[in-house]
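Q: Kindly generate the corresponding structure for this input.
(2 chains)
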Amino acid sequence: GAVVSQHPSRVICKSGTSVKIECRSLDFQATTMFWYRQFPKQSLMLMATSNEGSKATYEQGVEKDKFLINHASLTLSTLTVTSAHPEDSSFYICSARDIAGTSYNEQFFGPGTRLTVL
Amino acid sequence: GQNIDQPTEMTATEGAIVQINCTYQTSGFNGLFWYQQHAGEAPTFLSYNVLDGLEEKGRFSSFLSRSKGYSYLLLKELQMKDSASYLCAVRDIGNTPLVFGKGTRLSVIA
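A: Predicted structure coming up:
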């Protein structure tokens, strides 16, 4: 299957700093990427849909000014958590769909980024 | 809106068979997915159903009934490595992202 990478895999930062997470589709092009967040023992919650060349679409309750998303190319989307606070500590997972993919448009997931805000 | 429901936890014995159920209510339907997720890792794709019936893939099978808004994942010949969370996810009509249920944590015991 297709490969999605995320960087960094783990980050620890101080409260008030900003953290950038990169999501790359390595062997396919993705016009759309999705950012999910997962708290311990809970399921994946969609944060936003990232569209190449246009503004991201945020889910209700997700602050667009706090979680900045940029999808500058067909293989790269970035999520920046601005002025991070301890409650932002979570597992962030990106997902991408191959524009030339299977008939059921499978979503491929990155390995996730564990963010810990002290 | 969308509502996806599955049991929180299940325990089964090594070598046995376990069935994980998922019920859903969505405004539109364009497929149901099952994913496996080990702790601290990303979900990995297991199966996809869009038509009624059973899809079999090795030790794993998935069933769908669209009229009942119901699916199950069947795991046969359980192995210890099958201990993980199993996520049911539904796609609405169009180029929409998957919406996940809360996941079922399966523990396989000797």
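Q: where does chain A come near chain B, residue by residue?
A: Proximity of chain A to chain B, by C-beta under 8 Å from any C-beta of the partner chain, involves residues A:1, A:32, A:34, A:36, A:41-46, A:49, A:91, A:93, A:95, A:97, A:104-112, A:114. All C-beta atoms are positioned from the backbone trio N, CA, C, and that covers glycine.
Q: Quote the end-to-end distance of stretch A:43-63.
A: Terminal residues of stretch A:43-63 are spaced 20 Å apart (C-alpha to C-alpha, to the nearest Å).
Q: quick one: buried residues of it?
A: Residues of stretch A:43-63 classed as buried: A:43-52, A:56-58, A:62 (neighbour count, 16 or more other C-beta atoms under 10 Å in any protein chain shown).
Q: of those, closest to residue B:93?
A: Minimum distance to residue B:93 across those is 15.1 Å, recorded for residue A:49 (C-beta to C-beta).
Q: which regions of the chain lie under the pLDDT threshold?
A: Using chain A here. Confidence mapping of chain A against pLDDT under 70 gives the ranges A:1, A:99-105.
Q: Chain B was what I was after
A: B:1, B:95.
Q: dump the residue contacts of residue B:80.
A: B:14, B:108, B:110 (C-beta atoms under 8 Å, 6 or more residues apart in numbering or on different chains).
Q: Parallel or antiparallel, which strands does the helix or strand hosting the second one pair with?
A: Looking back up the chat, that one is residue B:108. Assigned by DSSP states H and E, residue B:108 falls within strand B:104-109. Here strand B:104-109 is paired, per DSSP bridges, with strand B:9-13 (parallel), strand B:84-90 (antiparallel).
Q: What residues of it count as buried?
A: Those would be B:104-106, B:108, for strand B:104-109 by 16+ other C-beta under 10 Å.
Q: my guess is residue A:92 contacts residue A:112, does it?
A: Yes. Using C-beta atoms under 8 Å, residue A:92 and residue A:112 qualify as a contacting pair, with a distance of 6.6 Å.
Q: Next, show the common contact partners of these two.
A: A:6, A:38.
Q: mind listing what the nearest residue to residue B:66 once chain neighbours are set aside touches?
A: Nearest residue to residue B:66 in three dimensions, chain neighbours excluded: residue B:52, at 5.7 Å (C-beta to C-beta, 6 or more residues apart in numbering or on different chains). Contact analysis of residue B:52 by C-beta under 8 Å, 6+ apart lists B:64-67.
Q: cutoff 6 Å now
A: B:64-66 (C-beta atoms under 6 Å, 6 or more residues apart in numbering or on different chains).
Q: Stretch B:26-42: end-to-end distance?
A: 25 Å.
Q: close to chain A, is that stretch?
A: Yes. Stretch B:26-42 comes into contact with chain A (C-beta under 6 Å from any C-beta of the partner chain), by way of B:31, B:42.
Q: where do the strands sit along chain A?
A: A:4-7, A:10-13, A:19-25, A:32-38, A:45-51, A:57-58, A:67-73, A:76-81, A:90-97, A:107-109, A:113-117 (DSSP state E).
Q: who does the third one pair up with?
A: The one in question is strand A:19-25. By DSSP bridges, strand A:19-25 pairs with strand A:4-7 (antiparallel), strand A:76-81 (antiparallel).
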